[in-house]
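# structure here, sequence nowhere to be found:
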């Protein structure tokens, strides 16, 4: 059994925040800031060398503060100029979408600078209240990992080791957090059960449209009376002004609302909420003489509050104080989401989790039998004679549970997909401990294959009726994990497995529906699953009619759509016409937006990925590079520029999509480390 090992991180490497803190986690599985991170260090290493196209791109578009030909004032001005985030939507539930923001990479770099300069102030300000169960309390210096392959050796930032160390750097956010990384873990903790023993009332409330309504100037309201900042941050106003300015500049100079999706925005909001928490606690003491930890407790997880009180009157007083103090920050509680419970506390979500677990345990008992002897703890598939009846029986039991609890698929399906994924992993892990005779048993190999197929058909059913980004990642990981397992252990079943998976993928709804009119042409949730099948090879590609743009309006096609489709099309001949159309869409998008790589976030992401993409013709890349050089490198003579050398340098790098050599399983593992709290 692997042992947990303490892995050290370099606290001085503030740029590692771009791997975990500065962009949304709900993005396509092929998208990451890995190349951005690597290119930062490559550019800094080659800062004083001869002209290098990668360094040129980095210093002009992302980090002009290092340009030699600018004075200090101009460096600051260029580094902090306004940019427009790329807005995109993901499915929130059956009836609504959530809008997220992918900010300009230069703004992401500026977020890192805030961390570097003011991390001590941030951790102090995130500790003034007592309600929060998820707050940064120090700069992360280490984490525990069970991967024996990860070296425990302390490593400084080094170009040669950066790529191999990416998983290590992804495994911890910039700050270490106290409390719980998911709210549901609090509700199954010893602390929660202790609170239930002590208090008879539990109210659940949350802030309405929190990140969309935060007023950035309020950061100074939360900070101005804090002695630590006055005593430890040179120029106290500088901290407030810098973080306010950086947040605004990243969001089109808006003062109302912060970019949704990045950890940095949640850290920003935590500073505000900590001040609100502190004021609520003191007001309850002075007005009503009720004390935290004695007469009541409040648990806050980001913008969700849970009030524990001894009686309804105290609960109402606490609610009123929270509401009043939130309003002073122009924030308001969502009245439609208030849930008031009396002991015993049992929310509908708790009932759903218990109900799903009972049904899944029944499935597990029917699908597997267990062997536990001589240190071997494995599951072995039973023979299922009618898999269709077996699957329908499981689905019907979930439906009955849903009817009893009065909930829809959106409340149940993501959880079912998650627990089925865990059963997939358990079977994979068990097979590694099978005896040699068991692995050579043809009948058993068929039962293993059939168990995987049963679980995957159920996964696809529950995903299809209620898709979400987080669920799509689990579906994608299930597809890739089983595919790699069969390839390495039971290759004779690989073709049958891929055929079944592609049949299910093709049944996903790719036509335009009510959400698609608002969410772009092909949803992020579906693209993740298509990408997971992209390594099946040219014999198992999605039919052209499902992935073509057809009559799509250009404005509905996003950067994410374009790079994901290019990744799936690769250099397959069957997609030649479609690939050209996507590239035309991309170039037109850049032209229609004025080739504004400094302000328009979508343009800079699209440009940087296109010029590194091996599936884009050199002619197109040359035209794009010529425009870049003419606009952003005035001292370079384009007529004499060595484009072949530039293409050679670009072929050895990537920015946000790693076009060749990407391990989807590793990419998915890293994404699992970076789920939003």
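Everything's here; your move. Since we're looking at a predicted model, the values are computed, not measured.
# only C-alpha atoms from now on, for both contacts and neighbour counts.
Noted.
# how close does residue 65 sit to residue 446?
61 Å (CA to CA, to the nearest Å).
# more crowded one of those two?
residue 65 (19 against 15; other CA atoms under 10 Å).
# quick one, what contacts the residue nearest to residue 655 when sequence neighbours are not counted?
Sequence neighbours aside, residue 35 is the residue nearest to residue 655 in space, at 4.1 Å (criterion: CA to CA, 6 or more residues apart in numbering). By CA atoms under 8 Å, 6 or more residues apart in numbering, the residues touching residue 35 are 653-658.
# just those now: which is nearest residue 222?
When the contacts of residue 35 are ranked by distance to residue 222 (CA to CA), residue 656 comes first, at 35.4 Å.
# sec struct for the residue nearest to the spatial centre of the chain, please.
Nearest to the mean C-alpha position of the chain, by CA atoms, centre = their mean, lies residue 25 at 1.6 Å. Three-state assignment for residue 25 (DSSP: H, G, I helix; E, B strand; the rest coil): coil.
# okay, how far is it across stretch 120-135, tip to tip?
End-to-end span of stretch 120-135 (CA to CA): 13 Å.
# show the average pLDDT along it.
Average pLDDT, stretch 120-135: 93.
# now do stretch 94-112
What stretch 94-112 shows for mean pLDDT is 91.
# what is the burial count for the spatially closest residue to residue 643 that is not a sequence neighbour?
Nearest residue to residue 643, sequence neighbours excluded (CA to CA, 6+ apart): residue 622, at 7.1 Å. The number of residues packed near residue 622 is 16, by other CA under 10 Å.
# about what we covered before: between the contacts of residue 35, which is nearest residue 275?
Closest to residue 275 out of the contacts of residue 35 is residue 656 (36.6 Å), distances taken as CA to CA.
# mind listing what that closest one touches?
31-36, 605, 609.
# so where's the stretch 551-677 of the chain shaky on pLDDT?
Across the stretch 551-677 of the chain, the ranges flagged by pLDDT under 70 are 551-555, 673-677.
# switch the cut-off to 80
Scanning the stretch 551-677 of the chain for pLDDT under 80 picks out the ranges 551-557, 670-677.
# where along it do the helices fall?
559-569, 576-592, 601-610, 618-632, 643-651, 664-672 (DSSP state H, counting those that start in this stretch).
# chain center to the fourth one: distance?
Relative to the chain's own centre, helix 618-632 is displaced by 32 Å; criterion: CA atoms, centre = their mean, to the nearest Å.
# thinking again about what came up before, tell me which of the helices of the stretch 551-677 of the chain sits nearest to residue 119.
Of all those, helix 664-672 comes closest under CA to CA, at 24.2 Å.
# just checking, what packs against that closest one?
If contacts are counted by 3 or more CA pairs under 8 Å, 6 or more residues apart in numbering; DSSP states H and E, helix 664-672 sits against helix 166-170, helix 469-489.
# mind putting these into CSV with mean pLDDT?
CSV is the format used below for the helices and strands packed on helix 664-672 (pLDDT from 0 to 100):
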stretch, mean pLDDT
helix 166-170, 57
helix 469-489, 94
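# point out the one among these that comes closest to residue 198.
Closest among the helices and strands packed on helix 664-672, using CA to CA: helix 469-489, at 35.4 Å.
# now tell me what touches the closest one from outside.
26, 29, 90-91, 414, 417-418, 421, 424-425, 428, 452, 456, 459-460, 463, 492-494, 497-498, 501, 524-526, 528-529, 531-533, 664-665, 668.
# from the residues you listed, list the buried ones, please.
Those of the contacts of helix 469-489 that meet the buried threshold are 26, 29, 90-91, 414, 417-418, 421, 424, 428, 452, 456, 459-460, 463, 493-494, 497-498, 501, 524-526, 528-529, 531-533, 664-665, 668, by 16 or more other CA atoms under 10 Å.
# what about the residues you listed, which are in strands?
Among the buried ones among the contacts of helix 469-489, DSSP state E puts 90-91 in strands.
# just the pLDDT for residue 398.
pLDDT, residue 398: 94.
# the helix or strand containing it packs against which elements?
Secondary structure from DSSP states H and E places residue 398 in helix 387-405. Secondary-structure packing of helix 387-405 (3+ CA pairs under 8 Å, 6+ apart): helix 348-367, helix 442-465.
# may I see these arranged in JSON lines, with mean pLDDT as well?
Below are the helices and strands packed on helix 387-405 laid out as JSON lines (pLDDT from 0 to 100):
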{"stretch": "helix 348-367", "mean pLDDT": "87"}
{"stretch": "helix 442-465", "mean pLDDT": "96"}
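# so which of these is nearest residue 632?
Taking CA to CA, helix 442-465 is the member of the helices and strands packed on helix 387-405 nearest to residue 632, at 45.6 Å.
# tell me which other helices or strands the closest one touches.
By 3+ CA pairs under 8 Å, 6+ apart, helix 442-465 packs against strand 376-381, helix 387-405, helix 409-431, helix 469-489, helix 494-506.
# which one of the helices of the stretch 551-677 of the chain lies nearest to residue 329?
Of all the helices of the stretch 551-677 of the chain, it is helix 601-610 that lies closest to residue 329, at 29.2 Å by CA to CA.
# on that earlier part again, can you tell which of the helices and strands packed on helix 387-405 is closest to residue 289?
helix 348-367 (33.2 Å).
# and that closest one, how far from the chain's centre?
27 Å.
# that helix packs against which elements?
Against helix 348-367 (3+ CA pairs under 8 Å, 6+ apart) you get helix 387-405, helix 409-431.
# what angle separates the helix or strand following it from helix 409-431?
Using DSSP H and E, the helix or strand that follows helix 348-367 towards the C-terminus is strand 368-373. Per axes from the mean of the first three to the mean of the last three CA atoms, to 10 degrees, the angle that strand 368-373 makes with helix 409-431 is 40 degrees.
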